[in-house]
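Enquirer: how would this look folded up:
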Amino acid sequence: ISENKTYSVEQAIEAIGFGRFHVILYVIMGSSIIVEAIEIMLLAVVSPAIRCEWRLKDWQVALVSTMVFFGFVSFSAFMGYLADRYGRWKVVFGCFAWSLYFSFLTSFSPSYGWFVFLRTMVGGGVSGTAQGFVLQAEFIPAKYRGYLTPLSQIFWMCGSFFMVFLGMTVIPTLGWRWMIRLSIIPSIILIILFKFIPESARYNVSAGNVRGAMETLQSIARMNRSSLPEGKLMESVTEKRGNFKSLLEPSFRRTSIILWNLWFIASFSYYGAVLGSSELLERNLLCVTDSAPHTGVLHSDDTPCYCKPFGQSDYHTMLISTLGEVALIPLNMILLNICGRRFCLGFLMMSSGIFFLLLNICTTALGFTALFFILRALVAMVFNTVYLYTAEVYPTTVRAIGMGFCTCFSRVGGMVAPFIAQVL
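Expert: Next up is the predicted model:
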């Protein structure tokens with residue numbers, strides 16, 4: 001009788017449950033989030049140093065961040081297409097090897113032009129991060145996703161902390177070039193650990209490789225000391241995969257358009273908060289009521305090069321505000337699992353908008369630190385929620401390319417944010 005029974009990959013994953021394999025998967029794929037956080041936070045930390053070395057104007061500093069996100073945009077959709085066609089694992093591994101290589105080359109940039117070009121190539125490599133999230137989500141049982149996705153923000157915080165710490169300790173002594181060289185250490189470790197991650201079983205089945213999917217599921221079951229359902233793994237093979245047109249079919253058109261808008265807003269808000277806070281600190285543009293004589297309300301220098309490196313207090317403010325990204329994780333979990341994804345998104349976006357407006361008020365230095373803390377927490381929760389919702393709303397056949405196009409629109413928001421935060 002059991003020979004006549006069949007089960008899907010989804011049913012197999014739910015039957016295996018959460019165990020040792022998922023812990024290893026979560027830690028390794030979380031490390032990919034650390035790498036992305038390092039590359040993004042690097043833009044905020046290195047800005048004062050390159051502004052001074054190459055005597056850059058505001059728009060030139062902003063262009064560095066914009067071109068990094070241009071690299072994201074240029075490669076995101078294509079990486080999603082490749083992931084749906086040839087597998088998630090190959091794309092994620094290749095992208096991180098790519099970003100490591102060009103990030104290392106960035107430290108040898110002889111000029112501003114080379115620096116911009118090499119950071120653009122880094123952005124193209126880091127665009128594969130979204131496919132890493134897809135790979136992780138396709139192995140995790142549905143009931144755990146609402147808890148584990150917000151917790152992923154801890155990895156982002158670790159990456160941001162690591163980058164700020166490097167900036168605080170390495171730039172004043174060895175310079176920004178050595179800071180970039182040391183920042184690739186997590187990427188090297190990640191590439192070594194990637195051999196422990198298998199290809200997505202859902203992808204293998206959709207591609208017709210049922211045997212490969214079965215071997216992966218059996219291996220996971222052994223690691224988790226569990227067992228597969230009775231019967232035979234059976235799922236229809238999909239001939240049409242990785243097709244952009246399917247995202248605009250009647251069944252997905254409205255969802256896709258709304259998601260593209262949400263990703264644009266999430267990215268614009270997050271990177272606006274990160275880059276804007278560093279710009280406000282670097283240029284002393286905060287209206288601080290208890291400022292010391294050497295930290296006036298406005299910077300009076302109107303020359304092209306400000307040559308004002310971050311002080312220890314500035315790094316401390318960045319560290320504290322970064323901590324905010326994990327402070328409200330319990331609230332994010334409650335909202336996701338009790339109130340639902342859509343309510344959570346609406347509430348968080350409205351709240352983050354209010355706190356952006358509050359940055360215009362005059363308050364104490366401690367007050368601004370608290371505002372940055374809460375703002376970073378809110379915009380981080382927006383990203384958590386939109387990531388989870390996107391991974392759940394698209395089916396396996398278009399999930400990677402759907403995520404790819406969403407991250408593409410996200411990076412458009414990231415391209416606009418530097419000019420708003422650092423120029424206007």
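
Enquirer: check which helix or strand covers the nearest residue to residue 414 once chain neighbours are set aside.
Expert: Counting by CB to CB, 6 or more residues apart in numbering, residue 414 lies nearest to residue 69, which is 3.6 Å off, once chain neighbours are set aside. Just so you know, the C-beta spots here come from the backbone N, C-alpha and C atoms, and that holds for glycine as well. Assigned by DSSP states H and E, residue 69 belongs to helix 58-86.

Enquirer: Check residue 98 too.
Expert: Secondary structure assigned from DSSP H and E places residue 98 in helix 88-106.

Enquirer: what angle separates the very next helix or strand once past that helix from helix 88-106?
Expert: Next helix or strand after helix 88-106 toward the C-terminus (DSSP H and E): helix 112-126. Calculated by axes from the mean of the first three to the mean of the last three CA atoms, to 10 degrees, helix 112-126 forms an angle of 160 degrees with helix 88-106.

Enquirer: avg pLDDT for helix 112-126?
Expert: For helix 112-126, mean pLDDT rounds to 92.

Enquirer: just how off-centre is the helix holding residue 98 within its chain?
Expert: Helix 88-106 sits 15 Å away from the centroid of its parent chain (CA atoms, centre = their mean, to the nearest Å).

Enquirer: swap in stretch 85-100?
Expert: Distance of stretch 85-100 from the chain centroid (CA atoms, centre = their mean) equals 16 Å.

Enquirer: before we move on, the earlier item: now for the residue nearest to residue 414, how many residues are close by?
Expert: Residues lying near residue 69 (other CB atoms under 10 Å) number 27.

Enquirer: Look up how far residue 34 lies from it.
Expert: Using CB to CB, to the nearest Å, one gets 19 Å for the distance from residue 69 to residue 34.

Enquirer: distance of residue 147 from residue 165?
Expert: 28 Å.

Enquirer: ugh, typo on my part, it should be residue 234
Expert: Distance of residue 234 to residue 165, computed by CB to CB: 51 Å.

Enquirer: related to what we said a few turns ago, just name whatever secondary elements the helix holding residue 98 is in contact with.
Expert: With contacts taken as 3 or more CB pairs under 8 Å, 6 or more residues apart in numbering; DSSP states H and E, helix 88-106 sits against helix 20-53, helix 58-86, helix 112-126, helix 129-137, helix 176-183, helix 185-193.

Enquirer: Would you mark the buried spots in the fifth one?
Expert: Put plainly, it is helix 176-183. Of the residues in helix 176-183, 176, 177, 179, 180, 181, 183 count as buried by neighbour count, 16 or more other CB atoms under 10 Å.

Enquirer: Residue 322 contacts residue 162, doesn't it?
Expert: No - Residue 322 sits out of contact with residue 162 when judged by CB atoms under 8 Å, with a separation of 10.2 Å.

Enquirer: if you count what's nearby, which of the two comes out ahead?
Expert: Higher neighbour count among residue 322 and residue 162: residue 322, with 25 against 18, using other CB under 10 Å.

Enquirer: For the stretch 251-400 of the chain, give me the ranges with low pLDDT.
Expert: 278-307 (pLDDT under 70).

Enquirer: repeat that for 80
Expert: Scanning the stretch 251-400 of the chain for pLDDT under 80 picks out the ranges 274-314, 316-318, 321-322, 324-329, 359-366, 368-369, 391, 396-400.

Enquirer: how about the helices in it?
Expert: Assigned by DSSP state H, counting those that start in this stretch, the stretch 251-400 of the chain shows helices spanning 253-283, 312-327, 329-334, 341-358, 365-393, 396-422.

Enquirer: What about the spatially closest residue to residue 343 that is not a sequence neighbour, how many residues nearby?
Expert: Leaving aside its chain neighbours, residue 343 sits nearest to residue 335 (7.1 Å; criterion: CB to CB, 6+ apart). Look at residue 335: counted by other CB under 10 Å, it has 22 neighbours.

Enquirer: quick one: residue 335 from residue 70, how far?
Expert: Distance, residue 335 to residue 70, using CB to CB: 33 Å.

Enquirer: One more: residue 38?
Expert: 19 Å.

Enquirer: which of those two has more neighbours?
Expert: The residue with more neighbours, out of residue 38 and residue 70, is residue 38; 27 against 20, by other CB under 10 Å.

Enquirer: For that one, list the residues it contacts.
Expert: 159, 160, 162, 163, 183, 186 (CB atoms under 8 Å, 6 or more residues apart in numbering).

Enquirer: my guess is the first one contacts residue 35, does it?
Expert: Yes - between residue 159 and residue 35 there is a contact under CB under 8 Å: 6.8 Å.

Enquirer: so what's in contact with these two at the same time?
Expert: Contacts common to residue 159 and residue 35, judged by CB under 8 Å, 6+ apart, are residue 186.

Enquirer: Could you count how many residues lie near the residue nearest to residue 233 when sequence neighbours are not counted?
Expert: Closest residue to residue 233 apart from its sequence neighbours, by CB to CB, 6+ apart: residue 214 at 5.3 Å. For residue 214, the count of nearby residues is 18 (other CB under 10 Å).

Enquirer: likewise residue 346?
Expert: 12.

Enquirer: ditto for residue 342
Expert: 11.

Enquirer: Please report the distance of it from residue 392.
Expert: Using CB to CB, we find residue 342 at a distance of 12 Å from residue 392.

Enquirer: Kindly report the same for residue 192.
Expert: The value you get for residue 192 to residue 392, if CB to CB is used, is 31 Å.

Enquirer: neighbour count winner among these two?
Expert: Neighbours per residue (other CB under 10 Å) separate residue 192 from residue 392, with residue 392 holding more: 14 against 9.
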